[in-house]
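A.B. asks: structure here, sequence nowhere to be found:
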């Protein structure tokens, strides 16, 4: 509808007597805005709105917050898994715990003391048996006690050696992989929690709020529309006879009812197809009825409003 109005206004200025008879060609158009629509990355209930319609916001300023109880709990669980994975890797890298090693060493010291006593007893029994002072059974018992003490010492020495060694390479690699996965999960949970607070991507003005606090917002559904300072543009139509005289970057003077003087726009787009054209082979007379859509970016500080009709005049 806006395109038709702009085309009709431009055509009227060209074909109706008295409307287009000026020394410098003028073109009618209207102002549009390239809004920035801000939506949450995930669905959720809106906990609070930090802005109102018409507020000026800076890039990075908070716009709204979604409820985040679930994301907070998921982050706490992920961080707990990271702590467990770190402890497991530390345990595999350094061997047994210090308390466990201390117990084995104390047991080994007792076993070594028992072995020393068993050696002395066995040696004494051997001498007494040679003199016929003790029976064979006493000598056999003392020698068996010595063998048992020696075995106990060897067992504790081997146990201490094992518990002091780090884990095998495969176990360590698995523990490191588990830790990396836990840290990645925690980082994702941290990002998900951060996404519940949505900030302005650009310096702009709040054009409209589409939700109220307490309402549910779906993922990707805009909650706020923003109008950046350099987002205004003018759409207008050029007659076929004038189209070739314009190029990208050309500057035009913009005027409107009640507007201040000195508003300038720069052309940054031309439509490749003519507008509102009947499907006929164009004669020279028919070509004069063609018009081409053009768009121009309005320089900042113009105070124009979206939808406002304007007149454009080419700057020399």
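C.D. replies: Cool, got the structure. Given the structure is predicted, the values throughout are model-derived calculations rather than measurements. Numbering: from 1, shown residues only.

A.B. asks: can you show me the strands along this protein?
C.D. replies: Remark: strands assigned in the chain by DSSP state E are 26-33, 36-38, 44-49, 56-57, 62-66, 197-199, 204-209, 216-217, 224-228, 232-239, 251-255, 263-270, 291-298, 309-314.

A.B. asks: can you say which of these is packed in most?
C.D. replies: Most buried of those, by mean neighbour count (mean count of other CB atoms under 10 Å): strand 232-239, with a mean of 24. In this view, the C-beta of every residue, glycine as well, is placed from N, C-alpha and C.

A.B. asks: listing partners with orientation, what would you give for that strand?
C.D. replies: Counting by DSSP bridges, the strands paired with strand 232-239 are strand 26-33 (antiparallel), strand 291-298 (antiparallel).

A.B. asks: quick check: which of those strands is nearest to residue 262?
C.D. replies: Nearest to residue 262, of all those, is strand 291-298, at 11.8 Å by CB to CB.

A.B. asks: any idea of the mean pLDDT in that closest one?
C.D. replies: Across strand 291-298, the average pLDDT comes to 87.

A.B. asks: so what touches that strand?
C.D. replies: 3, 7, 10-11, 31, 230, 232-240, 243, 246, 252, 254, 263-271, 274-276, 304, 312 (CB atoms under 8 Å, 6 or more residues apart in numbering).

A.B. asks: OK, contacts around residue 234?
C.D. replies: By CB under 8 Å, 6+ apart, the contact set of residue 234 is 29-32, 252, 254, 265, 295-296, 298, 310, 312.

A.B. asks: what's around residue 126, how many residues?
C.D. replies: Residues within reach of residue 126, counting by other CB atoms under 10 Å, total 13.

A.B. asks: residues in contact with residue 226?
C.D. replies: 35-38, 57, 200-202, 204-207.

A.B. asks: domains for the chain, by residue range?
C.D. replies: Taking automatic domain parsing as the domain assignment, the ranges for the chain are 2-34+231-314, 38-67+196-228, 74-189.

A.B. asks: returning to what we had before: would you format the strands of the chain as CSV with distance to residue 111 included?
C.D. replies: Formatted as CSV, the strands of the chain follow (distance: least, CB to CB, whole Å):
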stretch, distance to residue 111
strand 26-33, 87
strand 36-38, 73
strand 44-49, 64
strand 56-57, 76
strand 62-66, 64
strand 197-199, 63
strand 204-209, 78
strand 216-217, 70
strand 224-228, 75
strand 232-239, 89
strand 251-255, 97
strand 263-270, 89
strand 291-298, 89
strand 309-314, 100
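
A.B. asks: and of those strands, who's closest to residue 74?
C.D. replies: Using CB to CB, the strands of the chain put strand 44-49 closest to residue 74, at 13.2 Å.

A.B. asks: contacts for that closest one next, please.
C.D. replies: 63-68, 196, 209, 211-217, 223.

A.B. asks: what's the spacing between the residue nearest in space to the middle of the chain and residue 42?
C.D. replies: By CA atoms, centre = their mean, the chain has its centre lying nearest to residue 191, at 6.0 Å. For residue 191, the distance to residue 42 equals 11 Å [CB to CB, to the nearest Å].
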